[in-house]
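Participant: please find the sequence and the predicted model below.
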Amino acid sequence: MTFAKVRLLAAGILFFAWIAVLGYMAFTTGKPVVISRPQILVSSLIVVAQVNSFDGPVKVVDAPGDPQEADKLTGNEIVVTNLAAAEVRGAERVPGLYILPLQRTGDTYQVAPTPPSPGFHSGPAGSPRIYPANSQTLAQLATIPRP
């Protein structure tokens with residue numbers, strides 16, 4: 001076998017090994033949850049809440065970024081009127097901890113609608129979204145500057 005054939009064989013083996021590694025990574029890596037920055041910016045309050053039922057009140061665990069609201073709301077239950085209509089991003093609709101971008105309406109709250117983003121159409125305009133509270137989404141939330 002000549003040296004050119006050996007190089008071709010080695011390049012072919014490396015190519016298929018690289019494709020196999022990329023395929024493995026594509027199938028084993030989950031889809032990351034991306035928090036909507038515009039939705040966070042239009043919300044007046046962001047809370048991390050324990051949601052046991054999407055039709056009932058939720059228990060506030062934390063209000064990141066707003067120490068005054070955190071003192072008032074932490075440990076209390078609040079009513080979120082449109083929680084049942086909110087889309088859960090990156091998870092199933094099961095009880096658990098969620099990040100809720102909220103807007104106050106009198107004594108109740110509603111999940112802030114997602115404003116349209118220029119050049120990106122992700123569904124019906126104004127659909128409210130909530131996010132599972134995990135280390136990844138909380139880290140994203142911490143990087144979004146609040147006015």
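Facilitator: Yep, that arrived. Residues are numbered from 1 along each chain as shown.
Participant: following element in sequence after the longest helix along the chain, please.
Facilitator: Identified as the longest helix of the chain according to DSSP state H is helix 3-28. The C-terminal neighbour of helix 3-28 among helices and strands, as given by DSSP states H and E, is helix 37-42.
Participant: could I have the CA atoms of that following helix written out in PDB?
Facilitator: Taking Å, rounded to 0.1, in the frame of the first residue of the first chain, the C-alpha atoms of helix 37-42 are listed here in PDB:
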ATOM      1  CA  ARG A  37     -35.400  38.900  27.500                       C
ATOM      2  CA  PRO A  38     -38.200  41.100  26.100                       C
ATOM      3  CA  GLN A  39     -40.800  39.300  28.300                       C
ATOM      4  CA  ILE A  40     -38.600  39.800  31.400                       C
ATOM      5  CA  LEU A  41     -38.100  43.500  30.500                       C
ATOM      6  CA  VAL A  42     -41.800  44.200  30.200                       C
END
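Participant: show me what that helix is packed against.
Facilitator: Applying 3 or more C-beta pairs under 8 Å, 6 or more residues apart in numbering; DSSP states H and E, we find helix 37-42 packed against strand 96-105. Backbone N, C-alpha and C define where each C-beta goes, glycine included.
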